[in-house]
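**Q** Prediction below, plus the sequence it came from.
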Amino acid sequence: MKVVITGGAGFVGSHLCERLLADGAEVLCLDNLLTGRPENVAHITSPRFEFRRHDITTPVEIAGPVDFVLHFASAASPVDYMAHPIQTLKAGALGSWITLGFARAKGARFLLASTSEVYGDPAVSPQPETYWGHVNPVGPRGCYDEAKRFAEAMTMAYHRYHGVNTGIVRIFNTYGPRNRPDDGRVVPAFITQAIRGEPLMIHGDGTQTRSFCYVSDLVDGIVRLLRSEIHDPVNIGNPQELRVLDLARLVLDLTGSRSAIVHRPRPEDDPTRRCPDITRARTLLGWEPRVALRDGLTQTLEWFAAGRLSGRQP
């Protein structure tokens with residue numbers, strides 16, 4: 001089984017590389033290292049693994065048969081995609097076009113990494129896959145939201161018009177080892193600030209909600225979807241909804257930190273609620289998250305502490 005993963009040196013991508021190798025696959029990891037890190041895959045020594053530095057917005061040559069193509073190349077945190085808006089749009093548009101064409105040529109199953117951000121600031125909660133979203137296309141988050149919405153549309157067009165065997169996973173907030181301390185997402189930010197004794201910065205009053213899925217649960221859901229024949233989008237995330245303020249208090253409790261909680265203005269278009277409806281994943285994939293938030297945060301905290309907040313693999 002030959003698998004190509006774009007963005008394979010990123011947070012989620014590197015965990016997917018490990019899981020698919022453990023399942024016996026041959027894995028080619030492509031990444032231009034805009035936001036991915038070579039350290040995320042440097043420990044992988046399997047002869048069935050290859051890392052190739054490549055920007056997927058340009059064509060790629062790969063000899064021989066390929067069974068699966070996973071398009072996970074994109075900046076994924078607000079800090080990153082706001083710093084690289086054009087590259088983010090190109091990864092969603094050109095990157096999807098190139099990888100879909102490649103999957104078609106190889107007769108491979110294609111899986112797009114989409115996001116809960118296609119729902120924008122939702123007027124419906126929990127968010128089912130049938131919800132079309134509430135997105136500001138010209139706001140500061142539009143480069144990421146619309147890149148993924150376009151990528152989903154192109155994926156379905158290739159499935160309907162060319163008969164490509166495609167799938168779409170809508171990923172909700174995920175955390176765990178290899179989260180970058182500086183990527184702006186709330187779990188690594190709170191852990192980093194707590195360990196350093198810095199104030200925990202909350203945007204707004206902290207009543208906005210998120211749902212947090214541990215990375216091993218996410219990867220299990222992705223692999224189940226990859227091996228299925230499902231073509232419509234599937235939410236993969238933890239349906240336990242939590243206020244950001246309560247997450248901050250939990251991190252302080254787990255770290256024993258005496259850091260203060262400080263409030264800052266909320267960014268433009270920051271979602272008020274984020275919670276997946278995972279009925280489709282439960283019904284069609286037999287999947288649901290298993291790692292409790294406290295347990296997952298403890299494992300993540302241990303990794304951050306061992307790496308001294310560098311993001312290194314300890």
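**A** On my side now, so go ahead. Numbering: from 1, shown residues only.
**Q** Could you use CA atoms for every contact and neighbour count after this?
**A** Noted.
**Q** could you give the mean pLDDT of stretch 135-148?
**A** For stretch 135-148, mean pLDDT rounds to 96.
**Q** cool, and stretch 25-36?
**A** 98.
**Q** Just the residues contacting it, thanks.
**A** 1-11, 17, 20-21, 48-56, 73, 75, 80 (C-alpha atoms under 8 Å, 6 or more residues apart in numbering).
**Q** Tell me the buried residues within the residues you listed.
**A** Among the contacts of stretch 25-36, those buried by neighbour count (16 or more other C-alpha atoms under 10 Å) are 2-11, 17, 20-21, 49, 51, 54-56, 73, 75, 80.
**Q** re earlier: could you tell me which of the contacts of stretch 25-36 belong to helices?
**A** In this view, the contacts of stretch 25-36 that belong to helices under DSSP state H are F11, C17, L20, L21, D80.
**Q** Next one, pLDDT for the third one please.
**A** Taken from the predicted model, the pLDDT recorded for L20 is 98.
**Q** For it, which non-adjacent residue is closest in space?
**A** In space, and not counting its chain neighbours, L20 is closest to V27: 7.3 Å by C-alpha to C-alpha, 6 or more residues apart in numbering.
**Q** mind listing the helices in the stretch 1-150 of the chain by residue range?
**A** For the stretch 1-150 of the chain, the helices defined by DSSP state H, counting those that start in this stretch cover 11-22, 78-83, 85-106, 142-162.
**Q** Can you give the contact residues for the first one?
**A** Right, the one you point to is helix 11-22. 5-8, 26-27, 29, 36, 40-41, 44, 46, 48-49, 72, 178-180, 215-216, 219.
**Q** mind redoing it with 7 Å?
**A** The contact list for helix 11-22 (C-alpha atoms under 7 Å, 6 or more residues apart in numbering) reads G7, G8, V27, N40, V41, F72, R178, N179, V219.
**Q** got the contact list for the first one?
**A** Taking C-alpha under 7 Å, 6+ apart, we find G7 in contact with G13, L30, D31, G36, F72, A73, S74.
**Q** With distance to M154 added, can I get the residues you listed in a markdown table?
**A** Listed next are the contacts of G7 as a markdown table, based on distance: C-alpha to C-alpha, whole Å:
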| residue | distance to M154 |
| --- | --- |
| G13 | 21 |
| L30 | 21 |
| D31 | 21 |
| G36 | 24 |
| F72 | 15 |
| A73 | 16 |
| S74 | 16 |
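**Q** from those residues, which would you call buried?
**A** Among those, those scoring as buried are G13, L30, D31, G36, F72, A73, S74 (criterion: 16+ other C-alpha under 10 Å).
**Q** and the fifth one, what does it touch?
**A** F72 sits next to I5, T6, G7, G13, L112, A113 when contact means C-alpha under 7 Å, 6+ apart.
**Q** Repeat the analysis, applying 6 Å as the threshold.
**A** By C-alpha atoms under 6 Å, 6 or more residues apart in numbering, the residues touching F72 are T6, G7, A113.
**Q** a markdown table please, covering those and showing pLDDT and distance to L200.
**A** Converted to a markdown table, the contacts of F72 look like this (pLDDT from 0 to 100; distance: C-alpha to C-alpha, whole Å):
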| residue | pLDDT | distance to L200 |
| --- | --- | --- |
| T6 | 98 | 33 |
| G7 | 98 | 30 |
| A113 | 98 | 30 |
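**Q** Out of these, which is nearest to G64?
**A** G64 lies nearest to T6 out of these, by C-alpha to C-alpha, at 17.4 Å.
**Q** thinking again about what came up before, which pair in the buried ones among the contacts of G7 spans the largest distance?
**A** Within the buried ones among the contacts of G7, two members stand farthest from each other by C-alpha to C-alpha: L30 and S74, at 11.8 Å.
**Q** Counting neighbours, what do you get for A76?
**A** 21 (other C-alpha atoms under 10 Å).
**Q** make that E129, sorry
**A** Counted with other C-alpha under 10 Å, E129 comes out at 20.
**Q** what residue of this structure is the furthest out?
**A** Most distant residue from the mean C-alpha position of the chain: R258, 30.7 Å away (C-alpha atoms, centre = their mean).
**Q** For L309, report the pLDDT, please.
**A** Taking L309 on its own, its pLDDT is 53.
**Q** Output stretch 228-239 as CSV, restricted to C-alpha atoms.
**A** Output in CSV follows, covering the C-alpha atoms of stretch 228-239 (Å, rounded to 0.1, in the frame of the first residue of the first chain):
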residue,chain,number,x,y,z
SER,A,228,-14.2,3.7,3.6
GLU,A,229,-16.1,4.5,0.4
ILE,A,230,-17.8,7.6,1.8
HIS,A,231,-17.6,10.7,-0.5
ASP,A,232,-19.6,13.3,1.4
PRO,A,233,-17.9,15.4,4.2
VAL,A,234,-17.6,13.8,7.6
ASN,A,235,-17.0,15.8,10.8
ILE,A,236,-14.2,14.4,13.0
GLY,A,237,-13.9,16.1,16.4
ASN,A,238,-14.9,15.8,20.0
PRO,A,239,-18.6,16.8,20.7
